[in-house]
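Enquirer: Below: sequence and its predicted model.
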Amino acid sequence: MPHLDVRLLGPLELRVDGTPCAVPRGNTATVLSILLDDANSVVPLESIVRAVYGLDIPQDPETQVQNTVGVLRRKLGAARDRVETVGRAYRFRIDTAELDTLRCRANEDRARALRAEGRLDEAVAALREALGEWRGPALANLSGPTVDAVRRRYDEHRLALLERRIDLDLELGRAAEVVDELRQIVAVHGTRQRFTALLMRALHLCGRTAEALEAYAALRERLADELGADPDQGLRDLHTAILRDGPPTPGPAVPAAAETPFPRRVPAMLPRANTRFTGRASQLRVLDGVLEMSAGAAGLAVITGMGGVGKTALAVSWAHRVAHRFPDGQLYFNLRGFDPLAPGTDAATVLGEALAALGVEAHQLPAGLDERIGLYRTVLAGRSLLVVLDNAKDAAQVRPLLPVAPGSFTLVTSRDRLTGLDATEGADIVPLDLLSDADAWALLVRRIGMDRAIDEERAVLRIVASCGRLPLALTLIGAWAAAHPQFSLSSLADRLDSTTNVFRVLSTADPAADPRSVFACSYQALGSRAARAFRLFGLHPGPDLTVPAMASLMGAPAADAEAALQELADVHLADQHREGRYTMHDLLRSYAAERFRDEVAAPDRDAAEARLVDYYIHSAHAADQRLTFHGGTIDVGEPAPGTTPEPVPDMPAAASWFATEYEVLLGLLRREAVPGGDRRFWLLAWCVSGYMLDRSLGVDLMEVQTAAFAAAERSGDGFGQVISLGYLSAATMLHGDQEEGGRLIDRAMAIADDIDQPWAKGFVSFGLSVHAAREDDDANAVKYAQDATVYFLEAGDRIWSYRSSWVVGWHIARLGLVDEALAHYEQLMALSLEVGAPLAVAHTHLGLGYVAHLGDRCDDALRHYAHAREGFNEYGQESSAAYTDELVGDVLDAMRDKAGAQGLWRTAEAVYVRYRATRELARVREKLARP
């Protein structure tokens, strides 16, 4: 692997195996800086877009960033693989020894450990090595808002390291050695009070007390002139101690406490940080950026997300990480806006606790809220304070608690989106989603141990999936597994997979950590309309739904459904992850299903179920008609009252609807049919089967139609049984089982003869023609297709008669009747254009191309195949497009273009493999094997 030498702590430099690499300035260098700033971690594409372009987003920014990454990879040459694509994100892989910031952090960590062991000399040496990585201001040769923010953060970090190193030097008795260095630093950073404090200490320890007091006086004057502020309390206390101590005397001197009538306390109220905090690198980076950009103002950021997603853990972890930037202390308050154990805390109470922590005595506290707000802001004036307001209910609860003085920073967490703070207070909103797969795995492994995770690697992945990457669930499961090392993780994964109530596995004695209690607090705060929508969400099979689907579930107008869904999204009980489509976390959905089962009466449950299925039947029927032009083949009846089917205006909308709703449809068809709902069940299966068959989704088709046949058989519906058996036959033949396909279609014909319905007989005859065709029995394929045409015409179905007639044309061509087949397809083309059926036109072009090839008219064949492929591609019929590629390959082979033929056959082969089309795969591989 090529060796890199990358340096950010100074001008940006990059070398590959010792050779300088010229990284273009501008976006390329910015993207490189962003990736290296978070080296070895995944950086989402949207985060890079925001960092590169800020508010000035260009058209198609993601493509532009992808192009920029391409430029960066080309510049890296042999090291291009260091920039990895991870889904919709990137990661720059680099060793600690190859990047100066990583080396700096490693030495800093080593110094911290040495300091804890009392090895101060070695700790100082480690800090000197860390500081030695700097060659000047970070990224000195780059510019731009993002780079500037990164530069400020790194340079601030350098100063913090310098402070720690000099502090250790003073502890080791090296005051005389650092005085000159400190004077130079103070000359540059004249208002940074920490360096003046170190200089005062060093001068005092050297016996130069008068100079120490002069340094304090000079700082006080600078602060007054430049900032209009006084030295902070810590520095004033040091000044008082030096005044009282006078010249240094042998032995330790304990300075007397400052006597003030109103003590200026430095609160340190942050709760203990979670030592197992994992991931969230992107959000931490965003918070760092917000803090940097708020310099000189009262900063405000809001972390929002669903219950259990880790908002508090992120807030507390970040607060500890930046606490040193707030010398006047840190306040923390749990506002209990969604607390399972207590009502929300009012602002007056919080202000009283805050003022007490800041040094205001009980007898000095005003009684009224407005007076407390005024005193709070007065006390905070001139202070640099971090305020963390956890678990806020709404913006109104937060506003009275916001500092207004420059230098302070407030971090709020809430399940509510708190858009009011964004609009009126200029808050930066930091949305918190589920953990990435990698971070979810890491969080669980930190609980159970790496050895155990490696021993049962697959079980760990199954557990992560069952917990839906929700930190609360992973934490509870990890704690249980850690407490029961004698149990295998595989058995725990099996339990999570098989349980009908995952909350039993996740339950805990602590209500504050129990997912039910956490979710209940958000649920109980909902209005009646949104609470009803939440319960009904539990009936929907997922993964997401639209406003018309929720309107049908509710039996309400679409406007009411949209308002209810928006309320759920505002408190993170649902998420509008795409425009118009709402999803819900699996555990939330399980909780919603519990509430639906326990709080909704049986008749209302049945009515909602009927409306839901009718919504999908009528929407799928409309989409199926647009795609296949079935006309009046299916009588789906009238939808249940209150149902709002999806409008499907045209063929592209129909294809898009099926593609988007496919997983939802499968979810519905995998559930047991409700009592009395058998007809609804097989009707829905029928409406979906055309889409499945056109895309060669044989496994799904077999599963769905097996269940549909059982439903039709239960209700004694012979017509439904014929339909299901016909599609089951097609599914088995797709996977190469001709014998079983023939048995099923014969069984369907027996039932069709009993019910004596022309359309049913036509459908079975069509299936028999397909079976004969797959046996290369062209004569019988023609016979059965002709029978089918007669039956469909008797039933008045022109589209299905076209389909069967198309089969007749194909196989008479194979029997050598090329001219007759040509006339046949020309007649079908006229019919297809007359009824306006674009897919029928595409299929007819396919037939005309085949006939042209058989007649040695290769140019005509290629022209017709091109039209056919264009139509198949437009409507997402990938398997038909692949077959067209195979036939074009046949034409090219006949024209002696072996390379072109091989390329197209391999393209078709790849699609056949994906669709598991065994017969087609064997056929094309036989062609590929030819000399």
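Expert: Received, thanks.
Enquirer: hey, where'd the strands end up in the stretch 501-650 of the chain?
Expert: Here the stretch 501-650 of the chain has its strands, by DSSP state E, counting those that start in this stretch, at 544-546, 575-578, 581-583.
Enquirer: want to throw those into a markdown table with mean pLDDT and distance to residue 418?
Expert: The way it works is simple: take the backbone N, C-alpha and C, and place the C-beta from them, glycine included. Shown next, in a markdown table, are the strands of the stretch 501-650 of the chain (pLDDT from 0 to 100; distance: least, Cβ to Cβ, whole Å):
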| stretch | mean pLDDT | distance to residue 418 |
| --- | --- | --- |
| strand 544-546 | 89 | 24 |
| strand 575-578 | 79 | 16 |
| strand 581-583 | 88 | 20 |
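Enquirer: so which of these gets nearest residue 727?
Expert: Nearest of the strands of the stretch 501-650 of the chain to residue 727, taken as Cβ to Cβ: strand 544-546 at 26.5 Å.
Enquirer: how about the spatially closest residue to residue 829 that is not a sequence neighbour, what does it touch?
Expert: Nearest residue to residue 829, sequence neighbours excluded (Cβ to Cβ, 6 or more residues apart in numbering): residue 844, at 4.6 Å. Contact analysis of residue 844 by Cβ atoms under 8 Å, 6 or more residues apart in numbering lists 806, 825, 828-829, 832.
Enquirer: Could you tell me whether residue 844 really is in a helix?
Expert: Yes - remark: residue 844 belongs to a helix, assigned using DSSP: H, G, I helix; E, B strand; the rest coil.
Enquirer: ok, it to residue 867 distance?
Expert: Separation of residue 844 from residue 867 (Cβ to Cβ, to the nearest Å) stands at 9 Å.
Enquirer: Check the burial of residue 72 by counting its neighbours.
Expert: 24 (other Cβ atoms under 10 Å).
Enquirer: Show the backbone phi and psi for residue 99.
Expert: phi -130, psi 130 (degrees, to the nearest 10).
Enquirer: give me the number of residues near it?
Expert: The number of residues packed near residue 99 is 23, by other Cβ under 10 Å.
Enquirer: Let's verify the residue nearest to it when sequence neighbours are not counted: helix, strand, or coil?
Expert: Of all residues beyond its chain neighbours, the one nearest residue 99 is residue 6 (4.9 Å), with distances taken as Cβ to Cβ, 6+ apart. Here residue 6 is strand, with the state taken from three-state DSSP.
Enquirer: Distance of residue 6 relative to residue 138?
Expert: Using Cβ to Cβ, residue 6 is found at 13 Å from residue 138.
Enquirer: neighbour count winner among these two?
Expert: Neighbours were counted for residue 6 and for residue 138 using other Cβ under 10 Å; residue 138 has more, 27 against 23.
Enquirer: a helix runs through residue 367, doesn't it?
Expert: No - going by three-state DSSP, the assignment for residue 367 is coil, not a helix.
Enquirer: Please identify the buried residues of stretch 884-897?
Expert: For stretch 884-897, burial by neighbour count (16 or more other Cβ atoms under 10 Å) applies to 884-893.
Enquirer: Mind putting those residues into TSV with secondary structure, distance to residue 299 and pLDDT?
Expert: Below are the buried residues of stretch 884-897 laid out as TSV (DSSP: H, G, I helix; E, B strand; the rest coil; distance: Cβ to Cβ, whole Å; pLDDT from 0 to 100):
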residue	secondary structure	distance to residue 299	pLDDT
884	helix	60	95
885	helix	58	94
886	helix	62	94
887	helix	65	96
888	helix	62	95
889	helix	63	94
890	helix	68	94
891	helix	68	94
892	helix	66	94
893	helix	69	93
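Enquirer: Name the nearest of those relative to residue 323.
Expert: residue 885 (62.7 Å).
Enquirer: residues in contact with that closest one?
Expert: When contacts are counted by Cβ under 8 Å, 6+ apart, residue 885 is found next to 869, 904-905, 907-908, 911.
Enquirer: again, but for residue 763
Expert: Counted by Cβ under 8 Å, 6+ apart, residue 763 has contacts 722-723, 726, 748, 752, 788, 800.
Enquirer: What segments of the stretch 151-300 of the chain are strands?
Expert: Going by DSSP E, counting those that start in this stretch, the stretch 151-300 of the chain shows strands at 299-304.
Enquirer: Let me know the closest of the buried residues of stretch 884-897 to residue 293.
Expert: residue 885 (53.3 Å).
Enquirer: And that closest one, how far from residue 206?
Expert: Residue 885 sits at a distance of 85 Å from residue 206 (criterion: Cβ to Cβ).
Enquirer: related to what we said a few turns ago, out of the contacts of residue 885, which are buried?
Expert: 869, 904-905, 907-908, 911.
Enquirer: what's the closest of the residues you listed to residue 694?
Expert: Distances from residue 694 to the buried ones among the contacts of residue 885, taken by Cβ to Cβ, are shortest for residue 911, at 13.3 Å.
Enquirer: ok, for the closest one, nearest residue in space, not its chain neighbours?
Expert: residue 882 (3.6 Å).
Enquirer: which residues touch residue 206?
Expert: For residue 206, the contacting residues are 175-176, 179, by Cβ under 8 Å, 6+ apart.
Enquirer: Now do the nearest residue to residue 651 once chain neighbours are set aside, the pLDDT please.
Expert: Distance criterion Cβ to Cβ, 6+ apart; nearest residue to residue 651, sequence neighbours excluded, is residue 626 at 5.0 Å. According to the prediction, residue 626 has pLDDT 77.
Enquirer: Residue 626 reaches residue 650, doesn't it?
Expert: Yes - distance between residue 626 and residue 650: 6.5 Å, which falls inside the contact criterion (Cβ atoms under 8 Å).
Enquirer: and the two? which has more neighbours close in?
Expert: Shown here are residue 626 and residue 650; by other Cβ under 10 Å, residue 626 has more neighbours (20 against 9).
Enquirer: for that one, what are its contacts?
Expert: 648, 650-651, 653-654.
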